[in-house]
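Visitor: Could you look at this predicted model? Sequence included:
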Amino acid sequence: MAEKKKWVAGWGAAISEIAINHASYIKDQTFRYVIYPSVRGEKLILHFSNEYGDEAVTVTSVNVAKRRSGEYIYPETVTKVTFGGKAALTMGAGETAVSDEIPFVFDAGEEFCISMYFGELTALKTGQSAGGYFIKNYYGKGNWASEEAVPLEEYGENAPYVFLNTVDFLTDDDVHAVVAFGDSITALPWPDCLAHRLVAEGYRNVTVIRKAISGNRVLRDYKYRLKTHFGKAGIKRFERDITQAGADRVIVLEGINDLAHPNPNNRLCGMDELPDSEEMIEKGYRELIGIARRHGMKIFLGTIMPASRCMREGMIQEKTRQEINEWIRTTADCDGVIDFDRALRDPADPGTLYPEYDSGDHVHPSLKGSEKMSDTVPNSFVL
């Protein structure tokens with residue numbers, strides 16, 4: 001009898017507006033993204049979105065192939081992705097799309113690349129930027145989607161994810177997905193560190209899906225266009241982002257931007273946008289817990305890590321951070337607490353990150369800090 005299989009989200013990026021630091025429009029350009037699978041798979045389904053676009057976009061062709069190293073693939077493994085049997089995908093403004101089921105066999109830890117070519121003038125509106133040691137994206141002018149390499153000597157790397165936001169794997173029946181939900185701290189490597197750690201420890205039944213947006217806040221959208229790439233408030237996007245194929249649990253680490261961004265000297269984000277701990281708890285975290293419960297998912301809350309930006313205005317923000325963390329540790333009706341605050345703070349100065357875990361901006365963790373965050377997640381929470 002054949003082994004039972006099911007579809008599970010194996011890779012993900014949150015949907016937002018793209019920050020205009022790459023290009024507003026592109027033409028005749030290839031994007032190549034490296035995907036690290038933590039489980040074995042036999043087929044793929046790719047999810048695309050033009051949710052924030054105000055005009056139609058066309059992806060001329062999409063290919064998947066095994067990665068050799070860097071921007072190089074094994075050409076003999078190139079497999080075409082189709083959409084209703086066609087090579088090209090066109091999405092109208094605000095539309096989403098999924099590919100056909102694509103046969104493509106890979107093992108846990110065997111990286112592959114998804115390469116997309118845009119032949120027509122294309123507005124870049126919907127996508128996501130993430131960064132860090134494990135996140136590898138490449139781009140180059142010309143159609144290199146099925147070629148061995150994208151010519152980095154002429155163009156570059158660390159492009160945004162455009163339109164592509166989730167990849168589902170046809171995998172074993174005992175596999176499930178964990179959603180890592182949050183802001184720029186989660187858009188950095190700690191979810192990758194967790195996936196790599198679990199594979200190194202011999203586990204082959206869990207994927208870690210990143211649904212994080214830099215600058216994102218739990219409660220509020222940003223009022224000004226300058227910050228639209230910070231995304232819809234977490235409370236508004238949470239249900240959409242956690243309801244992924246095979247996902248049965250979510251780790252939430254979000255809230256630092258609700259506290260750290262409001263500033264009396266910031267004309268775009270003044271102190272009137274600063275919530276207190278009661279509002280964050282009642283209108284934020286309790287609502288997230290309720291949404292997860294309605295979908296039958298376990299939810300684990302991470303404590304908000306130290307940030308020097310909270311140490312101002314009579315320490316109002318720091319006081320609020322401490323109150324929220326105390327509620328998470330002692331009262332929150334969640335399935336478990338991951339105390340990132342205690343794990344990464346400096347014992348000599350608990351309002352700041354431990355120097356080795358600090359990237360240098362006193363908010364975001366270094367690679368060492370991301371590894372420490374990964375190590376802080378109990379295996380029982382994700383397996």
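Guide: Structure received.
Visitor: Can you show me the helices along the stretch 151-300 of the chain?
Guide: 184-187, 190-200, 234-242, 256-260, 277-279, 286-294 (DSSP state H, counting those that start in this stretch).
Visitor: could I get these as a markdown table with distance to I114 and mean pLDDT?
Guide: From N, CA and C alone the C-beta is placed, and that goes for glycine too. Shown next, in a markdown table, are those (distance: least, C-beta to C-beta, whole Å; pLDDT from 0 to 100):
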| stretch | distance to I114 | mean pLDDT |
| --- | --- | --- |
| helix 184-187 | 19 | 95 |
| helix 190-200 | 16 | 97 |
| helix 234-242 | 20 | 97 |
| helix 256-260 | 30 | 94 |
| helix 277-279 | 40 | 98 |
| helix 286-294 | 29 | 98 |
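Visitor: Show me where this structure dips below the pLDDT cut-off.
Guide: 1-2, 20-22, 225-226, 313-314 (pLDDT under 70).
Visitor: Span of stretch 8-23 from start to end?
Guide: End-to-end distance of stretch 8-23 (C-alpha to C-alpha, to the nearest Å): 32 Å.
Visitor: circling back to that earlier point, save the helices of the stretch 151-300 of the chain as TSV, and put in distance to G215 too.
Guide: Shown next, in TSV, are the helices of the stretch 151-300 of the chain (distance: least, C-beta to C-beta, whole Å):
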stretch	distance to G215
helix 184-187	6
helix 190-200	17
helix 234-242	11
helix 256-260	6
helix 277-279	19
helix 286-294	18
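Visitor: Nearest to P160 among those would be which one?
Guide: For those, the distance to P160 is smallest for helix 184-187, at 11.2 Å, taking C-beta to C-beta.
Visitor: CA atoms only: put the closest one into PDB for me.
Guide: The C-alpha coordinates for helix 184-187 follow below in PDB (Å, rounded to 0.1, in the frame of the first residue of the first chain):
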ATOM      1  CA  SER A 184      11.900  42.500  11.400                       C
ATOM      2  CA  ILE A 185      13.400  40.400  14.100                       C
ATOM      3  CA  THR A 186      11.600  37.300  12.700                       C
ATOM      4  CA  ALA A 187      12.400  38.500   9.100                       C
END
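Visitor: So what touches it?
Guide: 128-132, 180, 210, 212-216, 253-254, 256-257, 305, 363-365 (C-beta atoms under 8 Å, 6 or more residues apart in numbering).
Visitor: Restricted to strands, list those.
Guide: Here DSSP state E is the test, and these give 128, 180, 210, 212, 253 as lying in strands.
Visitor: give me every residue that touches the closest residue to the last one other than its chain neighbours.
Guide: I take that to be L253. With sequence-adjacent residues excluded and distances taken as C-beta to C-beta, 6 or more residues apart in numbering, L253 is closest to G302, at 3.6 Å. With contact set as C-beta under 8 Å, 6+ apart, G302 has these partners: 182, 251-253, 328, 337-340.
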